[in-house]
Structures are given as structure tokens and as C-alpha cells.
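[1] could you work out the structure for the sequence below:
(4 chains)
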Amino acid sequence: MAESQNFARDYNLPELLVAAAARELRDGDVVFVGVGVPLLGALVAKLTHAPNLIMAMESGSVGPMPYRIVLGIGDNACVENAICTTSLWRLFADQQRGYFDVGMVGGAQVDKYGNLNSTAIFGSGDYYHPASRLPGSGGANDIASSAHRTVITIPLEKRRFLERVDYITSPGYLDGYNSRKKAGLPGGGPVAIITNKCIFRFDPETKEAYLDSVHPGVSVEEVRANVSWDLKVAPEVKVTPPPTEEQLRIIRIIDRAGIYTNNGLKNLTFESYIQLLEGSLEELQQLF
Amino acid sequence: MAESQNFARDYNLPELLVAAAARELRDGDVVFVGVGVPLLGALVAKLTHAPNLIMAMESGSVGPMPYRIVLGIGDNACVENAICTTSLWRLFADQQRGYFDVGMVGGAQVDKYGNLNSTAIFGSGDYYHPASRLPGSGGANDIASSAHRTVITIPLEKRRFLERVDYITSPGYLDGYNSRKKAGLPGGGPVAIITNKCIFRFDPETKEAYLDSVHPGVSVEEVRANVSWDLKVAPEVKVTPPPTEEQLRIIRIIDRAGIYTNNGLKNLTFESYIQLLEGSLEELQQLF
Amino acid sequence: MEFMNTKKKTDKRMTLKEAIATFVEDGDTIAFGGMGGIQCVAHAYEIIRQGKRNLTLIGDSPCEAGDLLVGAGVLKRMEIAWCSYAVAGLAYNFRRAVEKGIPHPIEVEDYSNFTIGLRFLAGAMNVPFLPTKSLLGSDLPKYNARIKTMDDPYTGEKVALVPAARPDVAIVHVSRSDKRGNAQMFGFSSNAENLVRAAKKVIITCEEIVSTDEVRRHPNLTIAPEYTVDAVVEVPFACHPWNMPYYYAYDIPFHVQQLAAFRTREGFEKWLDEWCFGVDSWEGYMEKVGWDRLERLRRVERRFTHISC
Amino acid sequence: MEFMNTKKKTDKRMTLKEAIATFVEDGDTIAFGGMGGIQCVAHAYEIIRQGKRNLTLIGDSPCEAGDLLVGAGVLKRMEIAWCSYAVAGLAYNFRRAVEKGIPHPIEVEDYSNFTIGLRFLAGAMNVPFLPTKSLLGSDLPKYNARIKTMDDPYTGEKVALVPAARPDVAIVHVSRSDKRGNAQMFGFSSNAENLVRAAKKVIITCEEIVSTDEVRRHPNLTIAPEYTVDAVVEVPFACHPWNMPYYYAYDIPFHVQQLAAFRTREGFEKWLDEWCFGVDSWEGYMEKVGWDRLERLRRVERRFTHISC
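    Numbering: from 1, shown residues only, chains lettered A, B, ... in the order given. Here you go, the predicted model:
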């Protein structure tokens, strides 16, 4: 891909993360997406190097081509131009059957084997009396159990990167080595952890996460300082490539109001929201 | 129902059987139907005393109002004006859930507890080497297991009415008394066996079949002679009522070529078949 | 003849108030349709307005209904996979209840979205459990004794089992229904088809009531045949501020404002006073939101998705 | 990039001859869509014509394909619930094989329609078994060791288990599909949606190939998304003499004539010589039936059922 050499210069961190997520995806992949960065990444991939990528959303939608920003996995945008609308259990059953190449998952804690916690931060308490109750698994446990490969997105912070998570909501490699397979899980497990500072990958044998690339301007030491285990590092740590000009152009069309990649929802009024939708329709129709 | 007093005079045996099947059905019933007499019975019921009856066909169709004779449980007629078209497993799951009031089943052998065999007549052989291999369960085992009540149709012959069937394809009351319930079957079991000569019903306690009514002109002795166990007989054996004029009128509109109630298929040419369909459309549209 | 139960009625129409009063009893186990969108919002407000108590909620990701009901003190227990408003924000009431017992403590039993879906499918099929490959290796079975693992008797491979869900009441919002309860859905239906079959009593609400003839023109769309349904209620905009595919867009600016209020207990209580107890019914809520606003959400949606059948 | 397998191809169109030659191997386990109607007839003739051997057939009530294949000596084993032509007559080849070993003996494993459906559902879900209340108390488990009964670990109630079906090939005829294999069905679909997911390799045949844009206009109709499918073949009238809802009526007079021939082994062999080996392909069969006849079956069907989307 010649275009991938034309790297953008003026981009922000969320835009870099979207591009990084997009790079995890291959043409022809069926991707089980959640909202936010992963979904933007899937759309960018589909509109650049992976035109045959199929998005699946757990509300029961397969292959949509939405002409507006997707505001949830059950948003109306998910039915736009879909190739199949069905039910939640069927989508997950299809994933368990092995049809989904990639799943995108997040959490509040991750550990060195890629296990994720999105259920409860125990703090001084426990599962029943947590310091912080999180939303729960949602579909994350299912994705992590059955997708051929999973891509994790989570901010890099010491309190989040643990030797062992408080609670395994979504299985990574459990205790490493072949323990995931022994547990009977059909999916392949995590292939990357994309953070705001770097990207981790997993040792093929031990299944332990190691630092693979740092984002431009981030040092290996800074990463180490934000991981609470003795982090392994690739022999040659790469620099995460920035978004290409083309990727950036598309990100800014799709998320024209910067809901995921800039200001979030805080400046959104009802008027500006309706205008956003109407403007999106015209611009995004051109893209697909 | 005043009209039920207007009994027809000129009718044949299949027409009497259709009327008898219709009388087993109540308004509002959801009926799992097979083709032939049971289906005609359900249609006659719907067009007379049970306008809110819903037919369910195992191909995945619910509530059709066909404008032609139905030539199979997956015939195109089954989708005509249906309220729901879905899948086979869902229809059967709905039956297992308890939504279906009545199921109509047949077989080649029946025994005193209403167990049915439609799998194999062993003869001097066994299941693996049968004298006669029959089509198999189809949906009959499922209907007999889960419908609230089942209505059996089978010709009265000594070789068919046995102390015990060679093979229980579709469970009736198994060994009688509470053995059906103990086996874990959710449905209520058979309520009637409609034959070409009489109708049997079941003792509420022992669950043994007894003679309840004989068709006009049939004697109790004739029935006894065609049953291979020591048949119990109701204190006052009734005479099966003939079809009413209205029932007969409807039977002859629905089965205008007598496929189920007269000559069968033997006189059907391609031309007469197409004419049958075209004629049915006009006549049956008036009925529903 | 007399029909034996409400599922046999040929006209099941009633108001939302009547349906909730008739079919939801204190102590019931309840389940709502919707997932991401198509959330049962009108229904949750009405349940709160009627002061129902001690309900158990079973659901995959019942964010709006779950958070509202737990905040209003209606729930004693939740068997769920997720509770949060996703892009718009967190489920503050749910967090306050679990973390601090406000307004009172609740029991939570954790599943995943798929396995809650399987629990409804099991209930719909009238089998006591279903097997899955999810949950294996994770900590969900560790803290939830009703998730069992077993060796498959055919191959020896490991499977997890989840128990059937058989709620007392299911409340499901659909695109359209006839008065008998033949409920049809355009677009995805999350677990609706199984919810209605798993539950003992079923309230269908819909954007529009149509004739049975119209239902018969598109039998593929029927997700709940009439024999599964006890009540039919026409409730337009029942999901606001959530989205309803083909009908109206997500009112996320409204949701942002709502969740800003929910951040504090006081804010939530004030919100309920105003938007739930301050009106008599969902009509009052819609009036308060403003018909012009609702109409604009409908009009903008039509530009993106339109029913072509 | 290179796609890793045929399910990822963006154009899966081929002829029926190519599809059967490519995806059906001697010794395979095979399953066909259809139930009552929508039978895979063209497909069965092509398999016979290509001389495939030692196949195992799994199916609920695969009457036409089952009886033809067993008569032609293609099958070594059947795992089925039913084999008969229903109103038109009995499955004489099936009977001859079981009763007399003609043309050779076959193994038969008996299930019911629902439990065969559950076997495909289990395969589609990638779980090793599913539980049911069917089969309990009957003699099916007595002669079929793969039907197991167990006490539910939750309630102690009895359930029967049936093993997942994972055929090597599924052949399913649908209303329409795009070239990627997004297969859509008007009307009922019997077990098609699970067959395609249970099988390793999937051949979709359809009455008509449509554009992906047309598929996207009616996403509710898609029973097999492209990721389940390996080959797409346009085969009009593929079910003749059976019916295809919304396309053509049942040609029962033809069936009566056919089954009269099947009554004797000689009659069946003569039929195969004429209708299967005597033509080169399904086009030849259709030519022989007569386009005018097929057209009349189509025209008369249009008067009863028409697609209104």
C-alpha cells in the first residue's frame, strides 16, 4: 500500500488509536465491533485497505454501511444497508461457531496474560463489596472466548496494568502457556493491547504481553513506569506509525463532530446534533 | 351450535372422519397439523365453530389461510396469509414450550395406551431387520411428547391395534397410569383415536383406551373383533355424529377434487390440477 | 366459547397503565426487550409511577430500565451482563446501589450478553439449561454458582451450562403489532423473540398497531406470534431518548442532560419527580419533551432508514 | 490480500456441476435444506450423475434427496426422522434398502424432526449437544445410543440430549442470494439457517441471483450471511416436482407418475436412466419436463403467493 507512506502530521492521540485499530484488521475480516475507537477503526479499515470487511454488532446486525456516526451497538445506524439483521443470540452463536475473525474488547484492568476486568474493582473490598462497580461483561466475555483474535483497547495506567486482574471478566491467556486452550475456549485470544502510549503484543509460547511499539514521543521507560509487572520488551521496539493522510481524512469525515476523537458530547446541542446527522448523510454516502 | 343439528345424509366415510377431527378442536386452539384428514378437520373447524383456530405447520408456518388444498406440510399453501413464517426448530420449540393445544398424529400401529408406531413393523425380524420399514417419526414423536392433547387417526384393523406396539415412535401413556408423567413428557397425551369405524377415548386413571362411539352402522362387536386386546367399552357407547350440512359443504369446497376424501390423486392430470388450483382460488377466497 | 387465558384473547389492546397494573406484580421477575437501542423507557417510568416493589430483573444489557428501576428502589435483584448507558455515560444508580447500598442494597448475578441470551432461549424452548463455550476460564462461574461446567458426554470437551430464564413478565417494544399480538420487527430484534417465549406473561408495546391483514402480508417479520402475547399497547416514542430503527433517531443530547442529573442521588430524585411523578403518563412525558423535538427525531431518521415493504 | 478460504471469496458463483464436484467428496456427511417443500432435487440428481459414493445423509425429512440417493446406491447411512413422499406416496427405495438391502444395505439412525433440527442448531452454535423433552419415554433412545437421557443438574427433571450434527457439506436452496452468498428466503425456511452454520462447506442454490444492494434493502430476509457460504449457484426450478413458495407450485401429477415408476427396482432404474443419466444437467431435466409446464407452475403460483417487498 503506497498510500500508507503518506503519514499525516497534524493528528491527535485518538486519531492515532483509530488508525492503530484499523491496522489490526485485514480485508475480508468479519469483525465484532463495539462503539468508539474500535468501531471507527473498523470503518476506516473498510474504507481504505479492507473493503470486504464485515462489521457485526451484537444487537443483531451484520455488515452495515452507516451514513452517520454510530452512537451505540444498537443504534439505528447499525441497520443502515446491513446485509443481515437478526437477533443477539444468533450473532453470538455465529461468533461461537467461529465465523468472526476479530473482536474488539476493552476493560478497566488488564493483566500480563491479557485477561480483562470490566466487572468490579475490588479495592479493599471484594466482588460483593467492590470499591467500584463497573458495567459488567456485556458481550466482552463472549468475544474474548470465541473470536479468532481479539484486540484490546485500554488506557495505560499502573492501576490498570496488573500482574493479575481482580476479576477475569474476559479471558485472555488465563495463566499463560496453553492454559487458555485447556480451559476449553474456542477463540484464539488477544493479539494486541492498544493503549494511549503504546501497543503490546503476546509471546507465542508464554502468552505474556510484551511491549511491541511506542507511540511517537513516548519512551520505553514511560511505559515501564505504568505497568505493575516486570514488563518484557521486544528486542527492537518499534514506533507506532501515525495515521496516513487518507486515514485521517476518513476519520474526520466519519467523526466530523469529534464525538470519539475530540470534544466528545459536551458541546452537542439538539440543533447541532440534527445538523450533524444531516451533514453526515451527504458526506458519508459518497464514501461507501 | 344450532347448525350442528342439521346433519348431512349423503356423505362418505372420509367426510365423517374430517367432521370427527373438526369436533376435537375448540375455538382459539393452536393446532399442529399434518396433511390429509387432520388438516381438513382443522380447516373445517376454523370455518365453522372455531374461527380463531390457528394452524401450525412444521415447515415453519403459523396461521395460514390457504386458498387451495394443502398438499403437504411444506406446501406453498402453508405460507398463504400466514401470520408468521419461521423455521422448523422454532415451531417445535414453541410446541415444547406448551403453546400448542392440539397435535394430530397417525401411525401404523397403536396400542391400548395410545402409543404409536410409525417406524418399523418388526414381523419375524426386529428394528434392524424389519418386515416393513415405515417412514419414521417425522414430527410425530415431538407432537406426541409436547402437545397439550393429541388426536390419533388410524384405520381400525386387528394387526394395527395391539396390546403393545413393536416400537414406540410417539409416546401415548406408555404403560398407563402416571408412567407418561414420570417419563418427563410435558404434553398431556392422547385424547382420542379416530378410526374408520369408531372413536376411542382414554380412561382418566388407567389411561387405557376404551370404545366411546361407533360410526353409524358399526357394531361394538365389529370393533372388538378388530382390536387385539380385551377392549373396554363405555357404559353407553355413543354413535359418532355424521358431518353437518355446513361441514360437508365446506369439506367439498376445500377438497373439491376429492384428493383426501374421495378419489385421491389417481384421476389427476396436469391440466385438471391447474384447473383445480385456479378454481380453488376463487371459491376459497370467499370462505375466509 | 370462553377463552382459558389472556393469550387466547382476540383483542389484547389496553393502555400502558392498564398493562403494567394487570401484569406486573410486586415480587415478580421481569425482563425487557431492547439492546443498545429499542430500550423500554416508557415502561420503566410507568412501573416506577405505579410503585412496584421487589422486582428481579433479568436482562443482557438493560441499561435504561435497569438503572432507572434500581435508582427508584424497585429492584431487589439483577441477573444481567451489563448496566451502563454506553456512549452517553455510566449507570450511576446501579453503581450507587452496588457500591453504597443506595437507595437499598441489591443482589447482582453476573452473566455475559450471550449467556443471558441463552438463558432466554432455554426458557423459550422449555429446557432447563443450555450449553456454551463462553464463561469457561473466566471468573464468572467462580462467583455465580448457577453457571455450571461439565464434560460433554459425547466428546469429553468442556462446556459451561446456564439455567433457563423464565421471567414472570416480559415487556417488549416492537415496530408494529396487530391487536391479537402478532408482533413484527423491522431490523434487529436482540433477544425479543426468546423473551416473549421465556416469560409467563407478555406485554407487547409497539410504535403502531396495524391490521392482521397487514401482518399477513409480511409473515417473515413476525417475531412473536399471538399465542405468546397477553397485552398489546400502542406507545409511540416509547424508547425516547433511545433510538428505534426506522422510526426515530437517538436523542443523545437529551441523554447527556439526563445523565448529568443522575450523577448525584439528589439529581436523580429531582429528575424522577419531574419526568416520572410530575406527569401522569407517557403522553405527559412526550408533551414535556416536546412534540416538535420528537417529530424532528422521526424526520431525520426517515432520511437514513425507511421501511421498504 | 489473499483470502484464506472459500467463505471469504467475493464472487462464489459457479455451476451446479462445479459446486458438487468441488465440495462433495466420497465418504462425506451431507445435509439438504427443504422440508415438505423446497426439496433439493436438482442437487440429488447431480450427485448421482457424478457417481458420488458412501455418503452419510443427516436430515429431518429429506424425502426426495434421501430416497433418490439411497436408490442410486450413493448412501451408506442415514440419520433421519422420516423418509416418504407424503401425499404423493412412499419412499420405495428407502424401504427396499432397509427391508431387503437393495441396492445395498444402509445404516439408519432414527430421530424426530425436532431433534434433527436441534442437532443442526447445536452444530450451528458449536456446542456438542442440546437438551430436549422429545424422545423421552419412546423407543428411539432404546435403539439409538447417541440419544442420552440425563437429570437436569438444576431441577432434577429428565431431559434427553442429542449430539450436534456437523455435516461436511450442506446444500440449501433459497429464494435468492447475491454472488457473495447472502442468502435470503421468503416464507418458511425449515432448518436452513442452522444447516448452513452446522456444515463445514455450504452450497447455496437459489431461484435467482440478485445484487448485494437488493440484499441490503431487506436485511431481515437473510438466513445465511456470506461468511457461512462457499458456493452460490442459480438453479431455477431446482425443486421440481416439489414446490417453491412464491416461485412455483407443486407438480404433484408429475410426482404421482414418478412414484409409480419407483414402485419397482426396475422402474426406478429406468427412471434414473431417463431423467438423471439421460440428460447432462438440470437444464436437460427442465427441457425434458417442458418449459411450458414449468411456466404454468410458476404462473399459477403467482396467483396465490406474491412477493410484496
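[2] run a quick neighbour tally on whatever residue of the stretch 1-150 of chain A ends up closest to chain C.
    Residue of the stretch 1-150 of chain A nearest chain C, by CB to the nearest CB: A:Gly74 (1.8 Å). Every C-beta, even on glycine, is put in place using the N, C-alpha and C of the backbone. By other CB atoms under 10 Å in any protein chain shown, the residues close to A:Gly74 number 32.
[3] okay, it: pLDDT?
    A:Gly74 is assigned a pLDDT of 94 by the prediction.
[4] right, and it touches C:Pro62 too?
    No: applying CB atoms under 8 Å, one finds A:Gly74 not in contact with C:Pro62, separated by 11.8 Å.
[5] what do the two both touch?
    Residues touching both A:Gly74 and C:Pro62 (CB atoms under 8 Å, 6 or more residues apart in numbering or on different chains): C:Gly34.
[6] now do the contacts for the residue of chain C found nearest chain B.
    Going by CB to the nearest CB, chain B is nearest to C:Thr222 of chain C, at 3.7 Å. C:Thr222 makes contacts with B:62, B:83-86, C:182-184, C:215, as judged by CB under 8 Å, 6+ apart.
[7] off-centre distance for stretch C:95-115?
    Offset of stretch C:95-115 from its chain centre (CA atoms, centre = their mean, to the nearest Å): 17 Å.
[8] correction: the previous question concerned stretch C:33-44.
    Worked out by CA atoms, centre = their mean, stretch C:33-44 lies 5 Å from the chain centre.
[9] stretch A:213-232 too?
    Centroid separation for stretch A:213-232 versus its chain: 20 Å, with CA atoms, centre = their mean.
[10] just the endpoints, please. Distance across that stretch?
    End-to-end distance of stretch A:213-232 (CA to CA, to the nearest Å): 12 Å.
[11] for the residue in the stretch 101-250 of chain A positioned nearest to chain D, list the residues it contacts.
    For the stretch 101-250 of chain A, the residue closest to chain D is A:Pro186, as judged by CB to the nearest CB, at 6.6 Å. Contact analysis of A:Pro186 by CB under 8 Å, 6+ apart lists A:96, A:98, A:145-146, C:133, D:126.
[12] buried only: go through the residues you listed for me.
    A:96, A:98, A:145-146, C:133, D:126 (16 or more other CB atoms under 10 Å in any protein chain shown).
[13] out of the contacts of A:Pro186, which sit inside helices?
    Residues of the contacts of A:Pro186 located in helices (DSSP state H): A:96, A:145-146.
[14] what's the burial count for residue 115?
    All of this refers to chain A. Residues lying near A:Asn115 (other CB under 10 Å) number 29.
[15] ah, I was thinking of chain C
    Neighbours around C:Thr115, by other CB under 10 Å: 27.
[16] not counting residues beside it along the chain, what's closest to it?
    Closest residue to C:Thr115 apart from its sequence neighbours, by CB to CB, 6 or more residues apart in numbering or on different chains: C:Val162 at 4.8 Å.
[17] residues near the one you found, how many?
    Residues near C:Val162, counting by other CB under 10 Å, number 28.
[18] just give me how far the helix or strand hosting it sits from the chain centre.
    Using DSSP states H and E, C:Val162 maps to strand C:158-163. What separates the centre of strand C:158-163 from the centre of its chain is 25 Å, taken as CA atoms, centre = their mean.
[19] before we move on, what about stretch A:162-182?
    Counting by CA atoms, centre = their mean, stretch A:162-182 comes out at 19 Å from the chain centroid.
[20] and stretch A:116-132, by the same measure?
    With CA atoms, centre = their mean as the basis, stretch A:116-132 stands 23 Å off its chain's centre.
[21] do it and chain C meet at all?
    Yes: contact of stretch A:116-132 with chain C (CB under 8 Å from any CB of the partner chain) involves A:119-120, A:127, A:130-132.
[22] give me the ChimeraX select line for these, limited to the buried ones.
    Here is the ChimeraX selection string for the buried members of the residues of stretch A:116-132 next to chain C, based on 16+ other CB under 10 Å:
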select /A:119,120,127,130
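[23] and the residues of stretch A:116-132 next to chain C, which of them are in strands?
    Mapping the residues of stretch A:116-132 next to chain C onto strands (DSSP state E) picks out A:120, A:132.
[24] show me which of the residues of stretch A:116-132 next to chain C is closest to chain B.
    Taking CB to the nearest CB as the measure, chain B lies nearest A:Thr119 of those, at 31.9 Å.
[25] so how far is A:Gly28 from that closest one?
    According to CB to CB, to the nearest Å, A:Thr119 and A:Gly28 sit 34 Å apart.
[26] quick one: contacts for the residue of chain C found nearest chain A?
    Of all residues in chain C, C:Gly36 sits closest to chain A, at 1.8 Å by CB to the nearest CB. Contacts for C:Gly36 (CB under 8 Å, 6+ apart) come out as A:57-59, A:72-75, A:78, C:61, C:86, C:190.
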